[in-house]
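[1] After the sequence you'll find the predicted model.
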Amino acid sequence: MKKNYPLRVLVLLLWLVPMAVFGQVTVSGTVNDASSGDALPGVSVVVTGTTLGTSTDAQGRYQLQIPTSTGRLQFSYLGYVNQTADFNASTTTLNIKLQASTTSLEEVVVTGLATSVKRSNAANAVASISTKELVGTTNPQTIDGAISGKVIGANIVNNSGAPGGGISVKMRGITSIFGSAEPLYVIDGVIMDNSSISSGLNAVTAAASGGNTSSQDNASNRIADLNPDDIASMEFLKGASAAAIYGSLAAAGVVVITTKRGAAGKTEINFSQDIGMAKVSNLLGVREFTEDRVRSTYGEELVPVFIAARNAGKLYDYEKELYNNTGMIYTTRLNVSGGNEKTRFFVGGLLQDEEGIVKTTGYEKKSIRFNIDHTISKLFDFSLSSNFINSSSDRGLTNNDNAGVSFGVALTSTPGFADLFPDENGIYPRNPFGASNFLQTRDLMTNNELTNRFIGGLTLNSYLQESEGSSTKLVIRAGLDFFNLKTLAIFPGVLQFQSNNNGTNGVSIQGNNYNLNTNYAAFLVNNLNLSDNTVTFTTTVGATSENFNQDLALNVATQLVENQTNLNQAGAVSASQTRIIERNKGLFFQEEVNYKDRIIATAGLRLDKSSNNSEVNKFNAFPKFSLAVNVANFDFWQLDAVSSFKLRAAYGEAGGFPPFGAKYTSFPLSNIGGNTGILIGARRGNPDIQQERQKELEAGVDIGFFNNKILLEATVYNKQVEDLILFQNTQSSSGFTTRVVNGGELRNKGLELGLSTVPVETAGLKWDSKTSFWLNRSEITDLTIDPFALGAFGNGYGTFFIEEGKSATQIVGSNADGEVVKMGDATPDFQMNFQNFFTIKQNLTFSFLLHWKKGGQNVNLTQLLFDASGTSADYDGDDDGDGVINGQDRLGSGTAETWVQDAGYLRLREIGIYYSIPKTALSSVFKNLVQNVRIGASANNLFVISDYAGYDPEVSNFGGNGLSTGVDVTPFPASKRYFFHLSFGF
Amino acid sequence: MRKYNRTIRNLVCLLALSFALPACEIDDIPDPNSATLEDIMNQPTVGKLNNLVVGSESAMRNNLGNYYDAVSVIGREIYRLSGSDPRFTTDLLGFQESRLDPNVFYITNPWSARYSVIKNLNVLIEVLEKSDLVSSGKLTEAQRNGYLGFAKTIQAHQLLLNLNMTHENGIRIDVKNPDNLGPVVGRAQSLTTIAGLLNEADGHLRNAGETFLFPLSSGYNGFNTPATFLEFNRGLAARIAVYRENWNEALSYLDDSFLDLAGNLNTGVYHVFGTGSGDQLNPVFFPQNAGGEVRLAHPSYITGTVASDDRLQKVSRRTSAGSQNGLSSEYDVFVYKTNTAPVPVIRNEELILIYAEASIQNGALPQAVTALNRIRISHGLTAYTGPVTRPALIDEMLYQRRYSLYFEGHRWIDMRRYNRLNQLPIDRPADDVWTQFPIPFSEGA
């Protein structure tokens, strides 16, 4: 029995203490805005050093029963400076006036799986985007569009302008070449799948030979399913030093998304309607043909065809026919939130209907979110988040293709004197210049992605123990992300490339993709306050478990019964299935020590194992350490102009899994004549494959001047990725073209500077401005395998090339002398953004976001294809004055330098102006029924200034995979979007 | 108090359990998507061996399109116009400064597709060498010889296709161990090895009993027993013998092959195509009058023979000429009439021409004339009336090979064998006729 004694004491401490004490004092009061005097609902009121707290109601009132008779209350509210006030038995009424904060120092940032820290105490430069920055200026089509250009330290590239999004996010440079290079998305504790699932278009485009799916199918990312308007904040843990606690899943960083939640008080209803339109943002133009030009490009035989077309007035600009549709956009949102002391709720609804800049393309989304927070008792509360999404995108047929069937490739080969328009019977003429009549393809094909998705998360907090100096809670969390993605690509038999022996008399490609992710976690969190609040310890221990299941079934039905699209209405069906099953388990521990907000130190350790590893039951350990020193909080600090001065450093490690199946040498199917066969896969498995390990050290200084009206954040980092997982190009005579190996080291170094200022703050005008500057330099510091090319289309046009001592994203190519030399780098020299919010006389707001990307090259094969077919707009010019016209100059240059082009730009990403009708005017008309009415206008992508000779410098033929961004092959062009906004608050 | 203790203890246990849970084992998940090498090596069965055979036969077709395009464009048999990849009209034809690149699909893809088949068959051979299938009575020695005869014959054929591309640059022969590959060896030695491989297969097939244990597609109809498959093997051996200029050897191999001077010219072994699941369509079929992606007959093909030559039916006049980058032709290549038309591996017409060639070189000129006339008359030409001399008959033989084996991958190789690449027509002033492809970049050679 003796042995058990200490345990019993602990148990008693844990369980009996909170039950043994009773409220001894009741503190109450109101909280108002210091400048306007308006009541502030939803302000968090917490007894410092405990988890005991409440929040204010709609009138800004609060009341709190407190077990001790003296203490201190902390009042915090997003966007306001925190305030504390002491209470004792005689001072039980505390009326507080909160100052609006000009900077975000008071917001909390997530540093652990169950804990957070004030930004002013954080040791990492965690980029965060608030709902105002996310959707406050204009209406993004998807969440991926909403973060473009806004995240310091990230290189975010839209893969194309196709409806439904598609994005590549690289935080602090490339972190993996073949493994997962996209960040992990965690929404309210639920790990959210962000796959890009191909719809099997390769079956008609043959972009990648020998397979039904390819990374060139222009699939969207599933993160696009989220409704941006549901999001309260997004935090970007950019590297291992901040994200180590996510272990093996965190190699490419973590994006932590928090959705909106209700506050106690009056029920608020907000209804908003946007009406907008999308137009193509840039067209390349078409070549103006003359008889001579027709003769030289197409030969004498077509000259009469050209003359006939010209005389009949039938010279067309097919680029405009194809891409110059005006797409109407309608977005309706309804948010309802409210609740009482015990239960708070948020309901967010979205109806979105968009048409693309290509006829028959578009995007529709319906989303409903229901978040509820309930306090069961002093001991238990829970939060439930649930979201159902139905989204449908019609994405057209773009990108690379080897069959001449995609819109863009067919367009490049078609001169304006071709006639592609249907006759009065709706019969489309054959396009003699291409494998397809793209107008017919556009009008008759289907390429739809239909997603039904449910995301649900539950967090249960049990307050196990509460005493003056210590509080302990148990957090149990469960998350589920389920979706079914149906892809439907139909190419009817009547299409030029499916009829008359071309193709297979119709193709119906249907994908049925099932995804179920579940994650569970349990944490014990203890807050311990030593003597008079000078030192606080926050201890977390926890365990996590993640299960990922994906089942992708793709059927390609050909030889269709006329007008039928069912898989069984076909002469031939080819099926493929890919299953991905992953089981991860982890343990972690974290200790945070805070000395008077002056010195904040954290240490943590995560232990992980996974079925993806070669040794499934071996733990991998990922430590982290960080230290922040708020020099200005020390007593000796006398410099009033400098209101805050923080030095910080953080180190952490994270892992990256080998790609699923990397340990196996697989035998895909290879049938003939009804016999079943197997053929050894091109990739040689490696049963000894290890995880990639990232080690990141970041250090920085944050300085606030004049009460933090000017805040400068400067960060440098060094991120080393070891045991880089590489698909070594093997001698293909071995029967394998690649082998998975751990073969190198990669380093990213970078600099991030952020300057937040309030240049003007008067009664009539407030101007918030945020300027960021960031750059990243990568280097392959070690490569144990031969240098190799990847991505793109070979040395002749420029390809990525992994080589020791060189940038990981360098682009090399053959020059005119046949030597393979460096010609560019996909990584920009630097990026800057300039984000501004103006508030004029309280009612008028004006905001804009400028984004400058300096340098960074693309491989522009769109121009190549136009040139190769003699249809480029500038084909006949002679820019270099050498007497050879541009088109032939470029095509015959014999050097990839021609196609490796600078893709820098200055882009007005977002601009918006809104007017709120004054409350006095509202109340005279609507009494108190309508609380606020806001009207506005906005646009995104209003202009792009770039020397780049493609549709848009932001492009990726290969989607978001690894290194391949910036390869441009007849993409879906980007669009500009204009909106009118109207919203009502009740 | 006792009861309370127990409750607490249960709770603590529950907590402890929730932390201990993750510590429990994770099961290793076998590849859910396909068979793996480990599985085949460790648990071989006849069914798996047959899957490997079928997979190999099927994969002989992989990337055939790029192979035929590459050798036929350089051999000036066709133009391959492509809206999506201009390198068919630039690199392959040596347009201006363009040249063949060792890291571009036209060489890398066919090269690795052939070696993939070779590897698949090496897995088959390794299983047959290491497993106890024979000793445990699941396989007879004759049946085992059947597999080996098939495997080595096909390996030889696949090696030859790669050597056809790289010529004097050579190929890698010893590719059994991916961690320790043999050297890249030159053309002569490679041909010797390929011939040796066919002879090994010959030995296996002669001891392989009456039937194979594995299925072959209808492309092997008439050649799907050890005895008849051997005739196919000997046909390939004869082709290699003339490449090696071993004329007597060629004639003796032809004796054991399916050569039939009077027989159907199209008898032979074929790649077949179909729309079945996991099957492939004919990659060298394009319909007539297509746009964008087309194969046009080189204009010299039409002008190079007489109108009565029925081999002109291998091309089809377009409704409008196709052109790109200064190349233009009014004729589509139309060798294959549908997207499931079979593509020959080797057929009787080639064997007759090999017979003619070996006879000419051996000085048996009358026999050669007989064989050539068999071809001429079959195709609507009159009997040969030219001089019966070695040089004249070589010209005639090459002419017949050009038309009879059009777009079957022979023209460039034939002209190269006879040092006549300089006789191939040049379409644009700065174009080049390449002799051979560079070894793919990945070989590091």
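    Received it, and whenever you're ready, just let me know what you need. Just so you know, these numbers come straight off a predicted model, no measurement behind them.
[2] contacts and neighbour counts: CA atoms only from here.
    OK.
[3] any chance you could map the helices in chain A?
    A:5-20, A:131-135, A:143-147, A:202-205, A:240-243, A:291-298, A:303-311, A:318-323, A:407-412, A:438-444, A:861-868, A:886-891, A:919-926 (DSSP state H).
[4] Show residues contacting stretch B:81-90.
    Residues outside stretch B:81-90 that contact it (CA atoms under 8 Å, 6 or more residues apart in numbering or on different chains) are A:400-404, A:409-410, A:412-413, A:434, A:865, A:868-869, B:70, B:73, B:79-80, B:95-96, B:98-99, B:292-296, B:323-325.
[5] Just the ones of these in strands?
    The strands, defined by DSSP state E, take in B:79-80, B:293-296, B:323-324 from the contacts of stretch B:81-90.
[6] which of these are buried?
    B:79-80, B:293-296, B:323-324 (16 or more other CA atoms under 10 Å in any protein chain shown).
[7] For those residues, please prepare TSV with the additional fields distance to chain A and pLDDT.
    As requested, those are exported to TSV (distance: CA to the nearest CA, whole Å; pLDDT from 0 to 100):
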residue	distance to chain A	pLDDT
B:79	15	96
B:80	12	95
B:293	6	85
B:294	8	91
B:295	12	95
B:296	14	96
B:323	6	87
B:324	7	87
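[8] Out of those residues, which comes closest to residue A:162?
    Using CA to CA, residue B:293 comes nearest to residue A:162 of those, at 25.3 Å.
[9] Which residues does the closest one form beta bridges with?
    residue B:82 (DSSP bridges).
[10] Next one: it from residue A:883, what distance?
    31 Å (CA to CA, to the nearest Å).
[11] quick one: contacts for the nearest residue to residue A:711 once chain neighbours are set aside?
    In space, not counting the residues next to it along the chain, residue A:711 is nearest to residue A:704; the distance is 4.3 Å by CA to CA, 6 or more residues apart in numbering or on different chains. Residue A:704 sits next to A:642-645, A:710-712 when contact means CA under 8 Å, 6+ apart.
[12] switch the cut-off to 6 Å
    A:642-644, A:710-711 (CA atoms under 6 Å, 6 or more residues apart in numbering or on different chains).
[13] Equivalent analysis for residue B:295, please.
    B:79-80, B:332-333.
[14] one step back: how about the helices of chain A, which one is nearest residue B:41?
    It is, among those and with distance given as CA to CA, helix A:202-205, at 32.6 Å.
[15] For the closest one, give the mean pLDDT please.
    Per-residue pLDDT over helix A:202-205 has a mean of 82.
[16] Pull up the per-residue confidence for residue B:24.
    At residue B:24, pLDDT is 66.
[17] And for residue B:279?
    88.
[18] Quick check: it vs chain A, distance?
    As judged by CA to the nearest CA, to the nearest Å, residue B:279 and chain A stand 5 Å apart.
[19] OK, contacts around that residue?
    For residue B:279, counting by CA under 6 Å, 6+ apart, the contacting residues are A:671-672.
[20] State the distance from the closest residue to residue A:54 other than its chain neighbours to chain B.
    Computed as CA to CA, 6+ apart, the closest residue to residue A:54 that is not its neighbour in sequence is residue A:45, at 5.2 Å. With distances taken as CA to the nearest CA, residue A:45 is found 30 Å from chain B.
[21] Hmm, residue A:45 is touching residue A:52, no?
    No: checked against CA atoms under 6 Å, the pair residue A:45 and residue A:52 is beyond contact range at 8.5 Å.
[22] Domain boundaries for chain B, per the record?
    B:37-73+B:95-215, B:250-281+B:343-422, B:293-333 (automatic domain parsing).
[23] thinking again about what came up before, export the buried ones among the ones in strands among the contacts of stretch B:81-90 to TSV and tack on distance to residue A:938?
    As requested, those are exported to TSV (distance: CA to CA, whole Å):
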residue	distance to residue A:938
B:79	53
B:80	50
B:293	44
B:294	48
B:295	51
B:296	53
B:323	48
B:324	46
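[24] pLDDT at residue A:681, what is it?
    pLDDT, residue A:681: 91.
[25] give me phi/psi at it?
    phi -70, psi 160 (degrees, to the nearest 10).
[26] Which one of the ones in strands among the contacts of stretch B:81-90 is nearest to residue A:855?
    Checking the ones in strands among the contacts of stretch B:81-90 against residue A:855 by CA to CA gives residue B:324 as the nearest, at 34.3 Å.
[27] ok, that closest one to residue B:79 distance?
    For residue B:324 relative to residue B:79 (CA to CA), the value is 9 Å.
[28] Residue A:685 too?
    Distance from residue A:685 to residue B:79, by CA to CA: 40 Å.
[29] Residue B:120: helix or strand, and which one exactly?
    Secondary structure from DSSP states H and E places residue B:120 in helix B:105-130.
[30] That should have said residue B:254, apologies.
    helix B:247-256.
[31] contacts for that helix?
    Taking CA under 6 Å, 6+ apart as the rule, helix B:247-256 contacts B:231, B:234, B:238, B:241, B:358.
[32] Contacts only, for the residue nearest to residue A:54.
    Residue A:45 neighbours (CA under 6 Å, 6+ apart): A:53-55, A:74-75.
[33] Let me know the closest of the residues you listed to chain B.
    Nearest to chain B among the contacts of residue A:45 is residue A:53, at 26.0 Å by CA to the nearest CA.
[34] what's the neighbour count on residue B:138?
    For residue B:138, the tally of surrounding residues (other CA atoms under 10 Å in any protein chain shown) stands at 12.
[35] doesn't it fall inside a helix?
    No: assessed with DSSP: H, G, I helix; E, B strand; the rest coil, residue B:138 is coil; it does not lie in a helix.
[36] Which residue comes closest to it once chain neighbours are left out?
    Nearest to residue B:138 is residue B:46, by CA to CA, 6+ apart, at 7.7 Å.
[37] what sits opposite residue 269 in the beta ladder?
    With no chain named, the answer covers chain A. According to DSSP bridges, beta-bridge pairing links residue A:269 with residue A:336.
[38] was after chain B, sorry
    Applying DSSP bridges, one finds that residue B:269 bridges with residue B:346.
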